[in-house]
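Visitor: sequence isn't available, so here's the structure alone:
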Ligand SMILES: Nc1ncnc2c1ncn2[C@@H]1O[C@H](COP(=O)(O)OP(=O)(O)O)[C@@H](O)[C@H]1O
Ligand SMILES: [Mg+2]
């Protein structure tokens, strides 16, 4: 069990600053997902928590105790590597029991714990195999088993599912969720996949270019993204961003249409309007905010994605529930659900929209 | 990963023919060595170019083993080569690991200096080396050879070992450290078992290099007691007025330890020991 605090954490590689001002408090038992595009510093942050990478500046505490200088082996954390990092010369059972072997646990206890973990993960028939005789999914399970056997105070995962195929990824995602429910141990999980983040996390930390963009529950991030980056990173398909100009009673789209929402008085003026594809609707012409032509219609069964080209405004993606009878080239009239629209200042920060005021 | 293709019988024949030609070309000198070693003295000149001698004898081997100092030379070479190989490999393994895993001040400088040492023709430095060895009173000793060979082989062996360490994912050690190892335990329990092929290759390479070295051995050793095998082979020439049969017999015997050594380390040279460590 561990409560983890990061205070003003910074990381430099030589003269290059890759991370700064990282402040984060992780409650005991919480499932935290670090998400962000490739190269934003997720692994670096996780490795600093693990102790594999020195912390340049700031303080890292576990249960109130400063841990910056503590060796990885004394941090009582288990890590699942993206590459799995199974010991190639040890069979599955020894791989899983290695941490106990190093700590000189009695072999009885070791065998018991390995057996239990193998059973939970469905690896019982494979314990005598070498890693090279396992499939990718099985290796992934062994890597998880190795972490479970330790019974650590926190689990660290670095993109554990990114080398699996899509079906297996969904299955393992469920398994990790179940594992967290059962163990109730603090978990810090790194991924670049926002779907994994949204489905697994108690709270998500969105990183970009070495800085925290927003921390919040999946619903927070979806409903009230703190800036344009988070807005576009979270949610699939990506949020539409339309350029707007401030006006008297709302904002003006590029084609001159007045939209009756604004950041409210006393705030910076909005330069962008964000609206998710699922919050756009195909409507009769009279009710539309803007109109265009369907350039591409994707029938996904459960949903229909309509990529529309709107004169003066540009490309807009509309998602309609179920099958929507529309073909490429058809004219489309689109309306926004105004209570679901987001506004952003020129610097990308969120502005709280007020519907109908001026 | 192997791709199976159906090739025409002609292509297969051609492939094996090319292989056979190559092997024949490479092994022919060895065959000739063995052939002369078992040819009776009186036939060496009369049947000089015959591929197979008309009669065989083991007399040359008997003479070499019983009537010459060959066994001395042999023992000296063995001591020098084994010690050199062992010391060099230990140092090279440590240095190679450091180069592979750590960044430290002066790393590039050390690498550059090591590369530069490999650029000098040995002939240029043989006189200074002689001076130094003479000054510390190590002439005519096997120790001098061991020191010189070790010094000259360390750079190459270090680069070789570094490339083997580079081939072992860093993740493995880090996983070990997360699992409770100190860096040294991770090295011993995880990296070392995976480096055995590399250690084997380095040992074998250095052993062979030391075993066949002539230049320094010739310069630094004069007394019969401490002669290594290649130098001893030269004394064969003068002593027996180029007794080809005995010289070749000695040559064949000299191949034995190299062969044994490689057979012994061969099982560590098998590749793919790290397969299965990472990814799927
Ligand atoms: N050893 C290193 N030396 C210098 N820069 C590094 C090193 N490791 C990572 N970086 C840099 O730090 C940044 C973050 O890397 P990383 O944490 O691996 O990103 P992520 O895991 O989010 O894809 C990247 O810009 C990367 O180039
Ligand atoms: Mg990463």
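Guide: Noted; the coordinates are in hand. Just so you know, these numbers come straight off a predicted model, no measurement behind them. Residues are numbered from 1 along each chain as shown, chains lettered A, B, ... in the order given. Ligands and ions are numbered 1, 2, ... in the order given.

Visitor: secondary structure element for residue B:86, which one?
Guide: Assigned by DSSP states H and E, residue B:86 belongs to helix B:70-101.

Visitor: give me the distance from whichever helix or strand comes after that helix to the chain's centre.
Guide: Using DSSP H and E, the helix or strand that follows helix B:70-101 in sequence is helix B:107-117. On the basis of Cα atoms, centre = their mean, to the nearest Å, helix B:107-117 sits 23 Å off its chain's mean C-alpha point.

Visitor: packing partners of helix B:107-117?
Guide: helix B:142-166 (3 or more Cβ pairs under 8 Å, 6 or more residues apart in numbering or on different chains; DSSP states H and E). Using the backbone N, CA and C atoms, a C-beta is placed for each residue, glycine as well.

Visitor: still on that earlier bit, could you say what helices and strands the helix holding residue B:86 packs with?
Guide: Packed against helix B:70-101 by the contact rule (3+ Cβ pairs under 8 Å, 6+ apart) you find helix B:142-166, helix B:192-211, helix B:229-239, helix B:244-266.

Visitor: quickly check: stretch A:128-139 near chain B or not.
Guide: Yes - for stretch A:128-139, a contact with chain B is found by Cβ under 8 Å from any Cβ of the partner chain, at A:130-137, A:139.

Visitor: okay, buried residues for that stretch please.
Guide: Residues A:129-131, A:134, A:137-139 are the ones in stretch A:128-139 that count as buried (16 or more other Cβ atoms under 10 Å in any protein chain shown).

Visitor: checking the residue positioned nearest the centre of chain A next. Helix, strand or coil?
Guide: Closest residue to the average C-alpha location of chain A: residue A:197 at 3.3 Å, with Cα atoms, centre = their mean. Following DSSP: H, G, I helix; E, B strand; the rest coil, the label given to residue A:197 is helix.

Visitor: what sits against it?
Guide: Going by Cβ atoms under 8 Å, 6 or more residues apart in numbering or on different chains, residue A:197 touches A:33, A:35, A:191, A:204, A:218, A:234.

Visitor: for ligand 1, see how far away it is.
Guide: Per Cβ to the nearest ligand atom, to the nearest Å, residue A:197 is found 13 Å from ligand 1.

Visitor: which parts of chain A sit against ligand 1?
Guide: When proximity is defined as Cβ under 6 Å from any ligand atom, chain A approaches ligand 1 at A:13, A:18, A:36, A:38-44.

Visitor: list only buried entries from those residues.
Guide: Neighbour counting with 16+ other Cβ under 10 Å marks A:18, A:36, A:40-44 as buried within the residues of chain A next to ligand 1.

Visitor: quick one: contacts for residue A:87?
Guide: A:94-95, A:98, A:131, B:172, B:175-176, B:190, B:277.

Visitor: let's verify it: helix, strand, or coil?
Guide: Assignment for residue A:87 (three-state DSSP): coil.

Visitor: and what of residue A:237?
Guide: Per three-state DSSP, residue A:237 ends up coil.

Visitor: so residue A:351 touches residue A:265, yeah?
Guide: No - using Cβ atoms under 8 Å, residue A:351 is not in contact with residue A:265; the gap is 11.7 Å.

Visitor: show me what the helix or strand where residue A:182 lies is packed up against.
Guide: Secondary-structure assignment from DSSP H and E places residue A:182 in helix A:166-183. Other helices and strands packing on helix A:166-183, by 3+ Cβ pairs under 8 Å, 6+ apart, are helix A:136-150, strand A:186-191, helix A:194-200.

Visitor: reformat these as CSV; add mean pLDDT.
Guide: Converted to CSV, those look like this (pLDDT from 0 to 100):
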stretch, mean pLDDT
helix A:136-150, 94
strand A:186-191, 97
helix A:194-200, 94
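
Visitor: tell me if residue A:155 really is in a helix.
Guide: No - applying three-state DSSP, one finds residue A:155 to be strand, outside a helix.

Visitor: which non-adjacent residue is nearest residue B:156?
Guide: The shortest distance from residue B:156 to any non-neighbouring residue, by Cβ to Cβ, 6 or more residues apart in numbering or on different chains, is to residue B:118 (6.7 Å).

Visitor: cool, and residue A:206?
Guide: Closest residue in space to residue A:206, ignoring its immediate chain neighbours: residue A:213 at 4.3 Å, by Cβ to Cβ, 6+ apart.

Visitor: what's in contact with the helix or strand containing that neighbour?
Guide: In the assignment (DSSP H and E), residue A:213 maps to strand A:211-216. By Cβ under 8 Å, 6+ apart, the residues outside strand A:211-216 that reach it are A:19-24, A:36, A:203-207, A:220-221, A:224-227, A:229-230.

Visitor: if you set the cut-off to 7 Å instead, what comes out?
Guide: A:20-22, A:24, A:203-207, A:221, A:225-227, A:229-230 (Cβ atoms under 7 Å, 6 or more residues apart in numbering or on different chains).

Visitor: between those, which sits nearest ligand 1?
Guide: Nearest to ligand 1, judged by Cβ to the nearest ligand atom, of the contacts of strand A:211-216 is residue A:207 at 6.9 Å.

Visitor: am I right that that closest one is in contact with residue A:40?
Guide: Yes - with contact defined as Cβ atoms under 7 Å, residue A:207 counts as touching residue A:40 (4.7 Å).

Visitor: what comes up buried for whatever helix or strand comes next after the strand holding residue A:213?
Guide: Next in sequence after strand A:211-216, counting helices and strands by DSSP H and E, comes helix A:218-223. By neighbour count with 16+ other Cβ under 10 Å, helix A:218-223 contains the buried residues A:218, A:220-222.

Visitor: before we move on, what about stretch B:224-244?
Guide: B:226-233, B:236, B:243-244.
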